[in-house]
Structure formats: C-alpha cells, structure tokens
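In: Would you be able to build a 3D model of this:
(chains A, B, C and D)
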Amino acid sequence: MTKTLTVRYFAMFREHAGCDEERVELDATTAADVFRLLGDRHGASEPLGHCKVAINDAMADWDSEVADGDTVLLFPPVAGG
Amino acid sequence: MTKTLTVRYFAMFREHAGCDEERVELDATTAADVFRLLGDRHGASEPLGHCKVAINDAMADWDSEVADGDTVLLFPPVAGG
Amino acid sequence: MMRMTERPIDPEALRRELLDRAAGAYASFEGWIRNHNDGRAVTRLEYEAYAPLAVTEGERVIREAHERFPILHARCVHRSGLLEIGECAVWVGVSAAHRDAAFLACRYVIDQVKVRLPIWKKEHYANGDSGWVNCERCAAHG
Amino acid sequence: MMRMTERPIDPEALRRELLDRAAGAYASFEGWIRNHNDGRAVTRLEYEAYAPLAVTEGERVIREAHERFPILHARCVHRSGLLEIGECAVWVGVSAAHRDAAFLACRYVIDQVKVRLPIWKKEHYANGDSGWVNCERCAAHG
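Out: The predicted model follows:
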C-alpha cells in the first residue's frame, strides 16, 4: 500500500538527497523498506546495519512499521565525541 | 654488629614511638630487622607486609641491608587519595 | 543530564554541578579536536546533530549508567557547529562514593554517546578536502 | 609531573597544562573528601605525607604510565594538611590522542598513587574520635 511519508535526511544523507526533507509516496511497510527505496533513488550505498532510523522523533528499529503520515528520520553512521 | 641508625617515624608509627625521629643503636642487618626490633620496643604490631621502608630517602626492600649511619624511614600502611 | 550546545563547553562550571558531600570520587572525560586523524592533517571539525533525539538518547544512556553503577551524578554535554583544533567537543562527568564506579560510568557514557547519539562530524583537511568521519569505513564494509 | 601541595588544588588550571593540539582525549580523576567512610560520619581529614619521596615515587608512577600507554601528558597533584568535606585531595589528568589510553593511564596513576606514595590520612569523626585510615584492616590481617 502506498503511504505518504515525510523523510528527513542528515549529514551525508542530506548531501546524497540534495535536500533536508522531502515528502514521498512509497510502497513501504517497514523503516527498512523506506531506507532501501530511497537509497536506490538517491544513489546512497551505506549498509543499513551502520545506519539508524527514527519515526516521529523516537528511535526505531528497521523492522518497525511505517504508517501513512509518519515522519521518518534517516541517520547515516553516527560519529559523536 | 651494632649500628647507629637514625630512624624516622610517620603517621601512626610516630604516635607509637612518641617521636618523629630517634637515634638508635641496633644489632640489625636488614631493614626488616630494624622494623621488628623497633616494633617490639614501641609496641607496634602492624605486619611488615603492609608497611614500607626507605633508606636515605630512597624506597628500599625489607631485605635491603642497613649500614652504620643510615637514616631509615618507617612507613605504616599508606592511604593516599 | 544530557545537553547539546553550540557554544564553548565550560568544564569547570560543569564539574561544580557534580559536587556532593557524599562523593569521594569524580571522573571526567573530554573529547578535544585534534590536529590529525588517520594520518591526515585536520584543520577543523564540523559537528551536525539532531538535537531533540541526541538529548533523548543521551538521557537514556545516563539513566543506564545510574542503573549499572553506584554513582551519585552523571552529566554529558556535546557541542555542535564548527569547532577549531583544541576545542572541547564533548564533556562527561561522573561523581560517586568510590572511584571504580566513577571511572566505569564515565567510560560507559562516552562509549555509548559516541555510537548511539545522532551526531555526525565532517573533517576539514589541510589540503582543502573534507569528509564525513566513518564514511569510508562504512563503504568498506558495504 | 607529580606535585605535593598544602594549598587547594585548582583542577581547571591543571587541565590547561595538558592541552595539546595532538590530543583528542582528556581523562581526569579527583578524589574528594566525602562525609562518610565505612558507615561512620566523617567531619574532616588530615593528610600527612613525606613529600620528598611522595614526589619521587609519583614521578615514577607517571613514567610507568607513559611506558604502558600511548599518552601525551600525565600529571598528578596531591594535597596534604587538614581538608574539609568536599575538598579535592588528589587530582590526576591525562591527555592522549585516543580515549582508551587516556582512561587507562588515568586509572593506572590513581591506583598506584594510592598504594605506593608515602601518604597517610587520619579521619576525624562526628563523635569526636579519629583514626588512621586502613589501620583496622591492617590489624585484621595481622
């Protein structure tokens, strides 16, 4: 089922996507689906296992389901400190 | 052989000896001999293994030999920090 | 308590917040911007953070430190924005009755903060290049 | 560098002595006078040190830290005299390229300083008693 999602990009993902944020229509069930579909579209190749995701401002697992209207935050490999 | 030594006491050893420092004539070969002879004299009972010794301002082992005229520093169990 | 800031970190002021008459030990850690990384000369670092979740996740890390170790107080502050060589990028402080807990909790907080908080850094090199830190490693594992 | 002092320790001033453009990590430890020990209320502590050998032995500990861990700078300052609750009795600071060495060296220095330097402390209790710390343990092993 196609869902309308707001996707936010950070750091290198923002550079790949060319924007901070976009609204997308995706046939996605889980956060991992969103990651793969948009990775293909934007030519990003970071492996999912190195990245993190949040849904509506809460850290989430890659197999968390996304719902129509959700905001999905895609985090490339973090490097604080 | 009897040696003339200057012995300095610290912390609880000073309290046992009732003085900072004294000159003693002892029939002692090693630092451990000094420790035992003076422990008996002053009624101190701390085990040697918990204590430390210095000879002429250098840390020493208990089996280091003492020479006539040496200054022997007797350190009760340390507790810095 | 976890805090994100765009202004210089003041370790001495933060340390004072951890004073406690029951504390016998205080351990702190600071991450400083150093002038080299992986053999390349670095001129400055740019930190990007998603502050709302960095704070939430940092608070979670600090709660975990309290659950794991008998400590009195633990705090962490992380900078974002452009930092010059020598500046403090992250500060962690822990006070506890005894030093073992203070050291272990301090180490736990910085280790977790580095791998869990949504914070990224871009290094600017002496030759004019720049790059996201860890990006290469990530590609190598790809 | 090892230093003994009878005046209050200034951690912020000491920290600045360890700044280094090649350092990415700074770990520090402070021992504070806490208001309790072994279940007894403590009012103040009296530190006695034999300073000449405390400095010599402390310098040796710091040299060993440099030999064991890849660090840039390590320092330790220890107080002597009468200290009130909340005061800093000992400070250790280490800077290094990476945090692992900074933490390990900092821990090494404080652990060794506590068991090797000729320093003693007498606790004064709320009920008016006083006692040399560790004396009881020593007697128990006797």
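In: use CA for all of it now, contacts and neighbours both
Out: Will do.
In: Can you get me a residue count around A:D40?
Out: 10 (other Cα atoms under 10 Å in any protein chain shown).
In: Name all residues that make contact with residue 32.
Out: As the question left the chain open, I've gone with chain A. A:L48, A:W62, A:D63 (Cα atoms under 8 Å, 6 or more residues apart in numbering or on different chains).
In: wait, chain C
Out: Here C:W32 is in contact with C:I85, C:G86, C:E87, C:C88, C:A89, C:V90, D:A23, D:G24, D:A25, D:Y26 (Cα under 8 Å, 6+ apart).
In: same thing but at 10 Å, please
Out: Neighbouring residues of C:W32 by Cα atoms under 10 Å, 6 or more residues apart in numbering or on different chains: A:81, C:83-91, D:19-26, D:95-98.
In: So what's the gap between stretch C:117-127 and the chain middle?
Out: Relative to its chain's centre, stretch C:117-127 lies at 14 Å (Cα atoms, centre = their mean, to the nearest Å).
In: Show me which positions of it end up buried.
Out: C:L117, C:P118, C:I119, C:W120, C:K121, C:K122, C:E123, C:H124, C:Y125 (16 or more other Cα atoms under 10 Å in any protein chain shown).
In: Distance check, the most centrally placed residue in chain C against B:A28.
Out: Against the mean C-alpha coordinate of chain C, by Cα atoms, centre = their mean, the closest residue is C:V90 at 3.3 Å. Counting by Cα to Cα, to the nearest Å, the gap from C:V90 to B:A28 is 58 Å.
In: can you pull out the helices in chain C?
Out: C:11-16, C:51-68, C:99-116, C:135-141 (DSSP state H).
In: Now for residue 23, how many residues are close by?
Out: In the absence of a named chain, chain A is used. A:R23 sits with 12 neighbouring residues when counted by other Cα under 10 Å.
In: meant chain C, my bad for not saying
Out: Using other Cα under 10 Å, C:A23 is surrounded by 26 other residues.
In: hmm, back to that, so can I have JSON lines of the contacts of A:A32 showing distance to C:T56 and neighbour count?
Out: Written out in JSON lines, the entries for these read as follows (distance: Cα to Cα, whole Å; neighbours: other Cα atoms under 10 Å in any protein chain shown):
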{"residue": "A:L48", "distance to C:T56": "22", "neighbour count": "18"}
{"residue": "A:W62", "distance to C:T56": "19", "neighbour count": "19"}
{"residue": "A:D63", "distance to C:T56": "21", "neighbour count": "11"}
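In: quick one: which of the residues you listed is nearest D:S130?
Out: The shortest gap between D:S130 and any of those belongs to A:W62, at 60.6 Å (Cα to Cα).
In: What does that closest one show for phi and psi?
Out: Per-residue torsions, A:W62: phi -70, psi -20 (degrees, to the nearest 10).
In: Surely it touches A:H50?
Out: No. Under the criterion of Cα atoms under 10 Å, A:W62 makes no contact with A:H50, lying 11.3 Å away.
In: quick one on the thing from earlier: C:E59 versus the residue nearest to the centre of chain C, what's the distance?
Out: 15 Å.
In: Only the buried residues of stretch C:10-24, if you could.
Out: Neighbour-count burial for stretch C:10-24 flags C:P11, C:L14, C:R15, C:L18, C:L19, C:D20, C:A22, C:A23, C:G24 (criterion: 16+ other Cα under 10 Å).
In: what about the closest residue to the third one other than its chain neighbours, neighbour count?
Out: This means C:R15. Excluding the flanking residues, the one nearest C:R15 by Cα to Cα, 6 or more residues apart in numbering or on different chains is C:G93, at 6.8 Å. By other Cα under 10 Å, 29 other residues sit near C:G93.
In: Name the residue most distant from the centre of chain A?
Out: A:G81 (23.5 Å).
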